[in-house]
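Chemist: Below: sequence and its predicted model.
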Amino acid sequence: MMPHDLYLLLVAAVGLGLLLVLIIKFKLNPFVTLLLTSIFIGLCSGISPTAVIGAVQSGMANTLGTIAVIIGLGSIFGAMLEKSGGAEEIAYTLIKKFGEKNTAWALVITGFIVGVTVFFDVGFILLIPIIFGLAKKSKRSVLTYAIPLLGGLASGFAMVPPSPLPVAIAAIFHVNLGIVIIFGVIASIPTMILAGIVFGRFIGNKIYLPVNESLDLMDHKKNEGKHKRPTFSMTITIALVPLVLIVLNTLSNILGFTHSISTILSFIGNPFVALIIATLIAIYFLGVRLNYTREEIMDITTRALQPAGLIILIVGAGGVLKEMMVATGIGTVLGHVFMSTHMPIIVIAFLIALIARLTQGSSIVAAMTAAGLVYPIIEKLTLSSSYTALIIVAIGCGATACSHVNDSGFWLVNRYLGASIKDTFKSWTIMETIVGFTGFFIVLILSFFIA
């Protein structure tokens, strides 16, 4: 290896160390941290300040070209599902249909649907009253019901668009979201069963956790007199609209539709068009038709964009890191180093995301860090869209596994369930690890059959 290549590797290592120190020790905002790290790497690598600024601008612009629209619309879509009571309606109806003995199945499916459409923490906080109600009625451990719900939420959030995590990674790799949805769903099914159903039953019998009576949970039924409740069929149909449209676009050429039909599907199945359609349907059927005023709908949609804004900026900063790796040549050098290990690129991507997750906690930052480092490598390889989609799911899995005390999700679950730190490790951390490693194992197997 040439001395200059070794120097570039040293710059990359110091830069990533700086990233971790700024986030972990100084608690600096991840958006600012990713930008500072990218600029540091660019300047220290020897490219001109003008080239550094150019990389920042192009990285941000190229990444946010469509991702900002998708995450913004997805946030509004999810907020309408949440505020209307649609998510709760899905949970209550599935629990009723599955019966008391199969409540865990109803919860894991509910978690998956909600995890795909709303932010993870929002879905958990929204549905935790149902978990407490079931635990009180059955006098069983809260974990018996919480883990299936969390398993579904984590699987959907980590692997299936329009959830912001896989959407953010796909924005870096420029991959068709329909393919990511297909592989994400395939990987999620065994993942939810193992993490939510099997482990949930085990840990629920192992650790008795009473209902956390100290929480002042809002009664989501208090507005029923003012607003109508959505039906289950309406809610589930609306929730599936963006997924169906995006997947139909992906499958249109394979299914042999006529040119005119394929053209229509390619338009309405474009991710941001599909989400525009789904969002307008949600606003009408879950807002206007349920007696929400224009002012109330405006408030819901405006508030929905507040958490989306930070994620959009972090994703853009991840694009800057990726662009800087390409502009400095570090990506090429890293590619040679990783390829010399003879590990499949999908394994490398998973491990990078997992290490980033372990060290700094945030799943979004872990995913963006891994995507920024891996993209320059796969850019040099002749990988199909399908294989690249598997890599995206693998990164999502690595960015999900092994949640611990540096992850806000760990403390969210700890606080709401009223568990000790030890029991949170035994339940939440293990469940997240099962989700991450099982999902990765599935896509790794699929990768052997996809060129």
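Modeler: Cool, the structure landed.
Chemist: Which secondary structure element of the chain has the lowest mean pLDDT?
Modeler: helix 330-340 (a mean of 85; mean pLDDT, DSSP states H and E).
Chemist: Buried residues, stretch 108-123. List them.
Modeler: 108-123 (16 or more other Cβ atoms under 10 Å). The C-beta positions use only the backbone N, C-alpha and C, and glycine is treated the same way.
Chemist: Which helix or strand contains Met368?
Modeler: Here Met368, judged by DSSP states H and E, is contained in helix 363-380.
Chemist: For that helix, enumerate the helices and strands it packs against.
Modeler: Helix 363-380 sits against helix 3-24, helix 30-45, helix 164-173, helix 294-328, helix 330-340, helix 345-360, helix 385-398, with contacts defined as 3 or more Cβ pairs under 8 Å, 6 or more residues apart in numbering; DSSP states H and E.
Chemist: now the last one against helix 345-360, angle please.
Modeler: Okay, so that is helix 385-398. Helix 385-398 runs at 20 degrees relative to helix 345-360, counting by axes from the mean of the first three to the mean of the last three Cα atoms, to 10 degrees.
Chemist: Extract the C-alpha trace of helix 385-398 and format it as CSV.
Modeler: Provided in CSV are the C-alpha atoms of helix 385-398 (Å, rounded to 0.1, in the frame of the first residue of the first chain):
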residue,chain,number,x,y,z
SER,A,385,-30.3,-3.1,-7.6
SER,A,386,-31.5,-6.2,-5.8
TYR,A,387,-28.2,-6.9,-4.1
THR,A,388,-27.8,-3.3,-3.2
ALA,A,389,-31.3,-3.4,-1.7
LEU,A,390,-30.2,-6.3,0.5
ILE,A,391,-27.2,-4.2,1.6
ILE,A,392,-29.6,-1.4,2.6
VAL,A,393,-31.6,-3.8,4.7
ALA,A,394,-28.4,-5.2,6.2
ILE,A,395,-27.3,-1.7,7.3
GLY,A,396,-30.7,-1.1,8.8
CYS,A,397,-30.3,-4.3,10.8
GLY,A,398,-26.8,-3.4,12.0
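Chemist: If you count neighbours, what's buried in it?
Modeler: Neighbour-count burial for helix 385-398 [16+ other Cβ under 10 Å]: 385-398.
Chemist: ok, so of the residues you listed, who is nearest Gln306?
Modeler: Closest to Gln306 out of the buried residues of helix 385-398 is Gly396 (23.6 Å), distances taken as Cβ to Cβ.
Chemist: just to revisit the earlier point, may I see the buried residues of helix 385-398 organised as TSV, with distance to Ser233 added?
Modeler: Supplementary listing: these in TSV, determined by distance: Cβ to Cβ, whole Å:
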residue	distance to Ser233
Ser385	34
Ser386	33
Tyr387	37
Thr388	36
Ala389	31
Leu390	34
Ile391	36
Ile392	32
Val393	30
Ala394	35
Ile395	35
Gly396	30
Cys397	32
Gly398	37
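Chemist: Ala170: which of those residues is nearest?
Modeler: Once Cβ to Cβ is applied, the member of those that ends up nearest Ala170 is Ile392, at 5.5 Å.
Chemist: isn't the closest one right up against Val180?
Modeler: Yes: counting by Cβ atoms under 8 Å, Ile392 touches Val180, with 5.4 Å between them.
Chemist: hey, what's in contact with both of these two?
Modeler: 166, 170 (Cβ atoms under 8 Å, 6 or more residues apart in numbering).
Chemist: State the distance from the residue nearest the centre of the chain to Ala282.
Modeler: Geometric centre of the chain, nearest residue: Leu165, 2.8 Å, by Cα atoms, centre = their mean. As judged by Cβ to Cβ, to the nearest Å, Leu165 and Ala282 stand 21 Å apart.
Chemist: buried residues in stretch 284-301?
Modeler: In stretch 284-301, the ones that count as buried by 16+ other Cβ under 10 Å are 285-287, 290, 292, 297, 300-301.
Chemist: okay, those residues in CSV with pLDDT next?
Modeler: Formatted as CSV, the buried residues of stretch 284-301 follow (pLDDT from 0 to 100):
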residue, pLDDT
Phe285, 96
Leu286, 94
Gly287, 94
Leu290, 93
Tyr292, 93
Ile297, 94
Ile300, 93
Thr301, 92
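Chemist: Out of those residues, the closest to Arg415 would be?
Modeler: Ile300 (25.3 Å).
Chemist: quick one, what contacts that closest one?
Modeler: 76, 79-80, 83, 287, 292.
Chemist: cool, and Ala12?
Modeler: Ala12 sits in contact with 41, 325, 330, 333-334, where contact means Cβ under 8 Å, 6+ apart.
Chemist: Among the residues you listed, which one has the most neighbours?
Modeler: In terms of neighbour count, Met325 stands highest of these at 31 neighbours, by other Cβ atoms under 10 Å.
Chemist: Grab the nearest non-local neighbour of it.
Modeler: Distances taken as Cβ to Cβ, 6 or more residues apart in numbering put Gly331 closest to Met325, at 4.0 Å, once the chain neighbours are dropped.
Chemist: My read is that the one you found contacts Ile378, right?
Modeler: No: with contacts counted by Cβ under 8 Å, Gly331 stays clear of Ile378, the gap being 9.8 Å.
Chemist: Those two: which has the busier surroundings?
Modeler: Gly331 (24 against 20).
Chemist: and the residue nearest to the centre of the chain, what does it touch?
Modeler: 157-158, 363-364, 367, 396, 399-400.
Chemist: In those, which residue is surrounded by the most others?
Modeler: Gly396 (36 neighbours).
Chemist: where in the stretch 51-200 of the chain is pLDDT low?
Modeler: 66 (pLDDT under 70).
Chemist: can you map out the helices along it?
Modeler: With DSSP state H, counting those that start in this stretch as the criterion, the stretch 51-200 of the chain has helices at 86-98, 103-117, 120-138, 143-159, 164-173, 177-192, 199-206.
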